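Q: sharing a model that was predicted from the sequence below.
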Amino acid sequence: MVVNFNYELPFGRGKRFGATMHWLPNALLGGWQTNGIFTINSGQPLIFSQTTNNSFSFGGYQRPDAAGGDARIPVRSIDRWFDTTQFKVAKD
């Protein structure tokens, strides 16, 4: 679920507070709004990594690089959702 919101603050010329405000304070205080995005999701994250670290870095996992092709496949299944040949081991 994703919820977006916009709220125009009631300050400035023509608003609830400061309706007759001079142009200078109106330029500084008027016309403001607040916005936000609220996201709720579930499930496991999709993380690409390999357990063998064959780089010269200290610890951790390596992440793959895209090989440059299109990883989408025309017929997806639970076992094959994208083309795994389109990823390669990152070189440090």
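A: That came through, no problem. None of these values were measured; they are calculated from a predicted model.
Q: CA atoms for contacts and neighbours, from now on please.
A: Noted.
Q: need the contact list for the residue lying farthest from the centre of the chain.
A: For the chain, the residue at maximal distance from the C-alpha centroid (Cα atoms, centre = their mean) is Thr20, at 40.5 Å. Taking Cα atoms under 8 Å, 6 or more residues apart in numbering, we find Thr20 in contact with Gly12, Arg13, Gly14.
Q: quick one: classify it as helix, strand or coil.
A: Following DSSP: H, G, I helix; E, B strand; the rest coil, the label given to Thr20 is coil.
Q: over to Leu46?
A: coil.
Q: and stretch 76-86, end to end?
A: Stretch 76-86 stretches 15 Å from its first residue to its last (Cα to Cα, to the nearest Å).
Q: quick one on the thing from earlier: please report how far the residue farthest from the centre of the chain lies from Gly12.
A: Per Cα to Cα, Thr20 is found 8 Å from Gly12.
Q: cool, Val2 as well?
A: Taking Cα to Cα as the measure, Val2 falls 31 Å from Gly12.
Q: these two: who's more crowded?
A: Applying other Cα atoms under 10 Å to Val2 and Gly12 shows that Gly12 carries more neighbours, namely 22 against 8.
Q: wait, doesn't Arg16 sit right on Pro10?
A: Yes - counting by Cα atoms under 8 Å, Pro10 is a contact partner of Arg16 at 5.4 Å.
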